[in-house]
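S.K.: Generate a structure from the sequence data that follows.
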Amino acid sequence: MTKPLTIGLTGSIGMGKSAVAAMFADEGVPVFDADAAVHAMQGAGGELVAEIEALFTGTTGPQGVDRKALGAAVLGDRDRLAKLEALIHPAVARQRGDFLKAHASADMVVFDIPLLFETGGDERVDVTVVVSAPATVQRQRVLARPGMTPEKFEHILALQMHDTDKRARAHHVIDTGQPLADTRRDVRQLVKKLLTGLA
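M.R.: Predicted coordinates:
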């Protein structure tokens, strides 16, 4: 198997993916955060700001992309969303390539990608890991977020592959519905298991 082993980490909204990504990082595994890359490219002085403004006039300002305005501009419009994705996905792919080069000597790396299966990203990694929790726990977590409404939550869920399907397609599932220490133990064990497979 080629080094580094590439791990695609994903999970629906409110499943605790960011927490699990941080646990991988704590185990010394380099993590590429696709969302953070997008935020940076859309922030003040970000490389995608001018192109986004050209496509969706009035959605940017001195601070970069106004995410609310951009969200409103593409909401419910599949064509406009596709145009935005055609801009973002290749840019993220370039950054992912740079990240991989920078960590070429690592045993393994994690690509934290929210829509891993939805975008076919699972075909570009060696191993897939899905972060999951019971639906009641997920709902509770998401609705506790500022500005979140049940309607907004349902809309986001509708855009994502169902948790059951993600779990069925994953090589490994990390349960975040249990105490944090147990989730951390599971991540540690998975890292050990994957390292053993590389040896």
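
S.K.: roughly how far is stretch 154-163 from the heart of the chain?
M.R.: Centroid separation for stretch 154-163 versus its chain: 14 Å, with CA atoms, centre = their mean, to the nearest Å.

S.K.: which residues are in contact with that stretch?
M.R.: 11-13, 15, 114-115, 117-118, 130, 132, 135, 138, 142 (CB atoms under 8 Å, 6 or more residues apart in numbering). Backbone N, C-alpha and C define where each C-beta goes, glycine included.

S.K.: can you do 6 Å?
M.R.: 12-13, 117-118, 132 (CB atoms under 6 Å, 6 or more residues apart in numbering).

S.K.: Show the buried residues in those residues.
M.R.: In those, burial by neighbour count holds for 12-13, 117, 132, counting by 16 or more other CB atoms under 10 Å.

S.K.: And the furthest pair within those residues?
M.R.: Using CB to CB, those span at most 14.3 Å, a distance reached by I13 and F117.

S.K.: one step back: from the contacts of stretch 154-163, pick the one nearest G147.
M.R.: Using CB to CB, the contacts of stretch 154-163 come closest to G147 at I13, 13.5 Å.

S.K.: Next, the contact list for the closest one, please.
M.R.: Contacts of I13 by CB under 6 Å, 6+ apart are 142, 156.

S.K.: now do 8 Å
M.R.: Contacts of I13 (CB under 8 Å, 6+ apart): 138, 142, 153, 156-157, 160.

S.K.: Which of those sits closest to V109?
M.R.: Nearest to V109 among those, with distances taken as CB to CB, is Q160, at 23.7 Å.

S.K.: where does that closest one sit relative to A144, distance-wise?
M.R.: Between Q160 and A144 the distance, using CB to CB, to the nearest Å, works out to 19 Å.

S.K.: Which of these two has more residues huddled nearby?
M.R.: A direct count of neighbours by other CB atoms under 10 Å for Q160 and A144 places Q160 higher, at 17 against 9.

S.K.: first to last residue in stretch 140-159, what's the distance?
M.R.: Start-to-end span of stretch 140-159 (CA to CA, to the nearest Å) is 19 Å.

S.K.: Now do the longest helix along the chain: which elements does it pack against?
M.R.: For the chain, the longest helix by residue count, based on DSSP state H, is helix 78-102. Judged by 3 or more CB pairs under 8 Å, 6 or more residues apart in numbering; DSSP states H and E, the packing partners of helix 78-102 are strand 31-33, helix 34-42, helix 49-55, helix 67-74, strand 108-112.

S.K.: Understood, closing this out.
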